[in-house]
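> can't give you the sequence, but here's the structure:
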């Protein structure tokens with residue numbers, strides 16, 4: 001289930017995947033896919049990288065066909081999802097990322113029912129990574145950010161040369177966010193390194209790398225921050241200062 005997309009999954013600590021196909025009496029087919037990642041942060045990152053529809057909420061439930069199933073420990077908690085009406089529903093929970101989709105139009109109620117049943121069988125939990133909570137809220141484009149570890153996850157948003165100049169790895173956490181600043185687009189990049197020395201090295205590489213649109217960059221302790229785009233330099237400095245000053 002990751003053919004052609006393997007690199008995009010493995011950078012999020014992909015461990016295993018389970019799939020199941022369901023067909024009703026009319027011949028309509030639903031596919032359910034559950035990916036197990038290394039950590040809840042990885043599952044959240046894969047979810048943010050794959051968002052393409054509208055916000056959705058998934059709550060644990062029991063399919064009518066399996067009435068009597070014991071509720072999960074997390075049955076009182078609902079989870080953040082992404083939906084294409086009548087086609088696809090995805091969500092993340094603990095260290096799992098799940099999709100249910102139809103090969104032809106499917107009632108949204110059916111998508112929700114299958115997603116809720118899968119949710120009921122998974123461990124509870126859905127706390128966003130701490131680095132994401134440092135994003136300033138003012139002017140942040142709704143759902144306009146990706147949590148990541150390695151450069152491949154953000155290459156469709158910004159181009160850093162494809163040479164891993166920033167020294168990214170599974171041990172680095174990053175978030176790339178889009179902001180609308182007076183009608184102009186700005187990208188805020190935050191990277192959490194294992195130590196301050198690595199953050200300083202990343203800053204030096206970024207400043208000498210001739211990256212298009214780089215407006216501001218700074219390293220504070222273990223965190224590297226940068227703003228890229230076409231906004232006013234003063235606005236870029238202000239955005240970066242707020243982000244680096246935020247504490248989760």
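In hand now; what should we look at? Since this is a predicted model, take the numbers as computed values, not measurements.
> which secondary structure element of the protein has the lowest mean pLDDT?
Lowest by mean pLDDT, DSSP states H and E among the helices and strands of the chain is helix 6-10, with a mean of 84.
> the helix or strand following that helix: how far from the chain's middle?
Counting by DSSP states H and E, the next helix or strand C-terminal to helix 6-10 is strand 14-23. Put simply, strand 14-23 sits 20 Å off its chain's centre (Cα atoms, centre = their mean, to the nearest Å).
> with stretch 168-180 instead?
Offset of stretch 168-180 from its chain centre (Cα atoms, centre = their mean): 10 Å.
> kindly report the same for stretch 36-48.
Centroid separation for stretch 36-48 versus its chain: 7 Å, with Cα atoms, centre = their mean.
> so who does the residue nearest in space to the middle of the chain touch?
The chain has residue 48 as the residue nearest its centroid, 2.1 Å off, counting by Cα atoms, centre = their mean. Neighbouring residues of residue 48 by Cβ atoms under 8 Å, 6 or more residues apart in numbering: 145, 146, 147. For glycine as for every other residue, the C-beta is placed from the backbone atoms N, C-alpha and C.
> which is the next helix or strand following the helix or strand where it lies?
Assigned by DSSP H and E, residue 48 belongs to helix 40-50. The helix or strand immediately downstream of helix 40-50 is strand 54-58, counting by DSSP H and E.
> so for the residue nearest to the centre of the chain, what's the pLDDT?
pLDDT recorded at residue 48 is 97.
> outline the domain layout of the protein.
If you go by automatic domain parsing, the domain ranges for the chain are 6-120, 130-245.
> ok, the residue nearest to the centre of the chain to residue 19 distance?
Residue 48 sits 22 Å away from residue 19, taking Cβ to Cβ, to the nearest Å as the criterion.
> now swap in residue 175 and tell me
30 Å.
> one more: residue 45?
For residue 45 relative to residue 19 (Cβ to Cβ), the value is 21 Å.
> likewise residue 117?
From residue 117 across to residue 19, the span is 15 Å (Cβ to Cβ).
> ok, those two, which is more surrounded?
Using other Cβ atoms under 10 Å as the criterion, residue 117 and residue 19 rank with residue 117 on top: 19 against 11.
> now do the contacts for residue 145.
Applying Cβ under 8 Å, 6+ apart to residue 145 gives the contacts 48, 132, 135, 175, 176, 177, 178.
> how far off centre is the helix or strand where it lies?
Using DSSP H and E, residue 145 falls within strand 140-148. In terms of Cα atoms, centre = their mean, the centre of strand 140-148 is found 8 Å from the chain centre.
> got it, and stretch 225-242?
Centre-to-centre, stretch 225-242 and its host chain are 23 Å apart (Cα atoms, centre = their mean).
> what's next to that stretch, contact-wise?
With Cβ under 8 Å, 6+ apart, stretch 225-242 has contacts from 136, 138-139, 158, 179, 181-182, 184-191, 206, 211-219, 243-244.
> out of those residues, which are buried?
136, 139, 158, 179, 181, 186-191, 206, 211, 213-219, 243-244 (16 or more other Cβ atoms under 10 Å).
> those in helices, which ones?
206, 243, 244 (DSSP state H).
> for the first one, give me its contacts.
In this structure, residue 206 makes contact with 160, 165, 166, 214, 217, 224, 226, judged by Cβ under 8 Å, 6+ apart.
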